[in-house]
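S.K.: Give the three-dimensional model of this entry:
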Amino acid sequence: MERHKEIERSIIVRFRKEIWREFTRAVRDYELIKEGDKVAVCISGGKDSFLLAKCVEELQKHGKVNFEAKYIVMNPGYNEENKNKIIENAKLMNIDIDMFESDIFDSVYKLDEGSPCYLCARMRRGCLYSYAQKLGCNKIALGHHFDDVIETTLLSIIYGGEIKGMMPKLHSDNFDNMELIRPLYLIREKDIKAWAKYNGLNFLNCACRFTEKNNDIHNENSKRLEIKKLIESLEDKSKFVPYNIFRSTENVNLDMMRCYKTGGKRHDFLDTYDNERKDK
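M.R.: Numbers count the residues shown, from 1 in each chain. Okay, here's the model as predicted:
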């Protein structure tokens, strides 16, 4: 059996419960891919986005919904070694990628304002939307997984001072009729790592110049890594912790919240507090 077919088979058979079932459940339950969609699957070079690409390919083969998919890779300024690694993995996995150039790394690297990762992510996403739109796509698919979701939730609480989750899909504010979807939303990172190891696959982690220059700062002291380690330590004590964090954002009891925002408007519990007592 050809190498790429073995990789595809592992998703459907060996990791059916951990990956394929959770992938198709997210697509179905959150209505991520619909009839006639044209989806730009964004490949960064990491394990998550390459798995996403193969899952979308398999959905085209075995799913009931007819849709198109383009597999795009933005080169924000990778060195030749990292760029070639992405191309080699795409060939190994039989993914027909469309690579386009940008100068994001040059722009972000010149900043001297601590870690520019947030700005880089925003700029990359804007470039992906723009290129996908030129290809006639109405959606971009990103490789965020279950652990990204719960880590973001805790990051918002602990370091952002707000309760905010990561949505499975979002309408773009800046690109008309464009949508962002996250089909790996229900898949655990440990299962993605297990899939990569099972198939002997090696992917890029973070290949930006800032990371190369400030590796210790970026990796050892990042807030996201702190949160990841915190969740792992809690999960060692109870396997339900990650899932309870995930479920918390769909079990919000507004009656027990002092304030909340919706549609950009702030609502305070005092606004209706006395009226509620009169109604009883």
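S.K.: and the closest residue in space to E22 that isn't next to it in sequence, how many neighbours does it have?
M.R.: Nearest residue to E22 in three dimensions, chain neighbours excluded: L186, at 4.1 Å (C-beta to C-beta, 6 or more residues apart in numbering). For every residue, glycine as well, the C-beta is placed using N, CA and C. Residue neighbour count, defined by other C-beta atoms under 10 Å, stands at 21 for L186.
S.K.: Verify the contact between L186 and W20 for me.
M.R.: No. Between L186 and W20 there is no contact under C-beta atoms under 8 Å: 11.2 Å.
S.K.: tell me, what's touching these two both at once?
M.R.: Common contact partners of L186 and W20 (C-beta atoms under 8 Å, 6 or more residues apart in numbering): none.
S.K.: Report the secondary structure element holding the residue nearest to E22.
M.R.: Under the criterion of DSSP states H and E, L186 resides outside all helices and strands.
S.K.: try the one 5 residues further on
M.R.: Taking DSSP H and E as the criterion, the element that holds D191 is helix 189-198.
S.K.: Which secondary structure elements does that helix sit against?
M.R.: When contacts are defined as 3 or more C-beta pairs under 8 Å, 6 or more residues apart in numbering; DSSP states H and E, helix 189-198 sits against helix 3-12, helix 47-62, helix 146-158.
S.K.: Give me the buried positions along the last one.
M.R.: In this case it means helix 146-158. F146, D147, D148, V149, I150, E151, T152, T153, L154, L155 (16 or more other C-beta atoms under 10 Å).
S.K.: Of these, just say which sits nearest to S130.
M.R.: D148 (23.4 Å; C-beta to C-beta).
S.K.: The closest one contacts M166, doesn't it?
M.R.: Yes. With contact defined as C-beta under 8 Å, D148 reaches M166; the gap is 6.4 Å.
S.K.: Okay, helices next: where are they in the protein?
M.R.: Here the chain has its helices, by DSSP state H, at 3-12, 21-29, 47-62, 80-92, 104-109, 117-134, 146-158, 189-198, 209-213, 215-220, 223-237, 241-248, 273-279.
S.K.: now those helices as TSV including mean pLDDT and distance to E35?
M.R.: TSV is the format used below for the helices of the chain (pLDDT from 0 to 100; distance: least, C-beta to C-beta, whole Å):
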stretch	mean pLDDT	distance to E35
helix 3-12	97	23
helix 21-29	98	13
helix 47-62	97	13
helix 80-92	95	28
helix 104-109	66	34
helix 117-134	85	19
helix 146-158	97	27
helix 189-198	98	28
helix 209-213	54	40
helix 215-220	45	42
helix 223-237	96	36
helix 241-248	97	29
helix 273-279	74	45
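S.K.: Return the most buried member of these.
M.R.: helix 47-62 (a mean of 21; mean count of other C-beta atoms under 10 Å).
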